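Chemist: Coordinates only, no sequence provided:
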């Protein structure tokens, strides 16, 4: 339930560009007692999408690079990967977008799945 509430709050903040409110929400997520919420793919995806929407790609990249794939399933990280592809596209960073896309394609070939965006 909390995951959904935080995700909706971050999406709403991104939609209306409420940066200060989002920073408050994100700081709440980084509190030790909320680590289990922060480490969900839904929240990590919402944070990356928020930073992409508010044109803060470096923060999106930091979140993306901090994702611990060891604790998430491949399916769970898929939404995070797509959010990062979207971030690169919004920033006009086509080289990084295609690099990530190729990396994902290569990983999927190893497991006989395909990546669609």
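Modeler: Looks like it arrived, so ask away. Fair warning: this is a prediction, and the values are worked out from it, not measured in the lab. Numbers count the residues shown, from 1 in each chain.
Chemist: And the spatially closest residue to residue 26 that is not a sequence neighbour, how close does it get to residue 105?
Modeler: Setting aside the residues directly before and after it, residue 26 is nearest to residue 47 in space (C-beta to C-beta, 6 or more residues apart in numbering), at 6.4 Å. Every C-beta, even on glycine, is put in place using the N, C-alpha and C of the backbone. According to C-beta to C-beta, to the nearest Å, residue 47 stands 25 Å off from residue 105.
Chemist: swap in residue 92?
Modeler: Relative to residue 105, and taking C-beta to C-beta, residue 92 is found at 21 Å.
Chemist: Check residue 42 too.
Modeler: Taking C-beta to C-beta as the measure, residue 42 and residue 105 are separated by 24 Å.
Chemist: for residue 89, same thing?
Modeler: For residue 89, the distance to residue 105 (C-beta to C-beta) stands at 16 Å.
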